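1. this one's structure only:
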């Protein structure tokens, strides 16, 4: 069964460092998303990406964040200068064509900022 | 302003003890309501999509129903492997196509 894969599974970084989280969405999916979940809190939307550009973003997704689809398979989230409050589980998700549809999530990348 | 409210926050059941989880939503129009299962340290796993009031979906011991204001996830004769957090997400009509998640219900089923 096709799945969304994310790397790394866990990253520990120092405050102020740059972090790149990587995702390989399901191959025939066209819409890509990043969500995050701070420990014990709800899953929060960060950004959506379609047709090689950002389609929507939340207030959380400020200038410190960026996304890229550098080739036909990878989808990355970059945090330029990490803060303590960026510590969270980051989930990549994808879905097929269509305005309404279920998202398929990866296993997540746990980011710990010290 | 929360669009999606789930209750209870936590639920403990004995194996075989059926129950229901609630997801109430406050949106002007509903495109779709989604149920997910999330195991500790893992990503949400898709369970169901419901589009209109009166719709029902079933999968093994789970049954999801939808009204104009809420959805229920009924768990019949649960087993310990059903222990997980169950998330509800709503996609509203209007400008945004982004599903908004509730805080989830943490279910523990004791053998």
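-> Yes, it's here. It should be emphasised that the depicted structure is a prediction, and the values quoted were computed from it without experimental measurement. Residues are numbered from 1 along each chain as shown, chains lettered A, B, ... in the order given.
2. Low-confidence regions, the chain specifically.
-> In the absence of a named chain, this looks at chain A. Within chain A, the stretches with pLDDT under 70 are A:98-99.
3. you looked at the wrong chain, it should be chain B
-> B:1-2.
4. Let me know how buried the residue in chain B that chain A sits nearest to is, in neighbour terms.
-> Proximity of chain B to chain A (CB to the nearest CB) peaks at residue B:43, 3.6 Å away. Bear in mind the C-beta positions are built from the backbone N, C-alpha and C, glycine included. Neighbour count of residue B:43, defined by other CB atoms under 10 Å in any protein chain shown: 24.
5. Apart from its chain neighbours, what residue comes closest to it?
-> residue A:105 (3.6 Å; CB to CB, 6 or more residues apart in numbering or on different chains).
6. Tell me who's in contact with the residue of chain B closest to chain A.
-> A:4, A:91, A:93, A:105, A:106, A:107, A:108 (CB atoms under 8 Å, 6 or more residues apart in numbering or on different chains).
7. Kindly indicate which of those lies nearest residue B:93.
-> Among the contacts of residue B:43, residue A:93 lies closest to residue B:93 (CB to CB), at 20.8 Å.
8. Quick check: the gap between the closest one and residue B:24.
-> 24 Å (CB to CB, to the nearest Å).
9. Ok, residue A:102 next?
-> Relative to residue B:24, and taking CB to CB, residue A:102 is found at 20 Å.
10. Could you pull up the residues touching the residue of chain B positioned farthest from its centre?
-> For chain B, the largest distance from the centre (CA atoms, centre = their mean) belongs to residue B:95, which lies 23.8 Å off. Contacts for residue B:95 (CB under 8 Å, 6+ apart) come out as none.
11. just to revisit the earlier point, look at residue A:102 and residue B:24 and report which has more neighbours.
-> residue A:102 (21 against 18).
12. Mind telling me what element the residue lying closest to the more buried one once chain neighbours are set aside is part of?
-> Once flanking residues are discounted, residue A:102 sits nearest to residue B:46: 4.6 Å by CB to CB, 6+ apart. Per DSSP states H and E: residue B:46 is located in strand B:45-50.
13. how deep is the residue in chain A that chain B sits nearest to tucked in, by neighbour count?
-> Residue of chain A nearest chain B, by CB to the nearest CB: residue A:105 (3.6 Å). Neighbour count of residue A:105, defined by other CB under 10 Å: 23.
14. ok so, going back, can you add distance to residue B:66 and secondary structure and give the contacts of residue B:43 back as TSV?
-> Below are these laid out as TSV (distance: CB to CB, whole Å; DSSP: H, G, I helix; E, B strand; the rest coil):
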residue	distance to residue B:66	secondary structure
A:4	26	coil
A:91	25	strand
A:93	22	strand
A:105	22	strand
A:106	27	coil
A:107	29	coil
A:108	28	coil
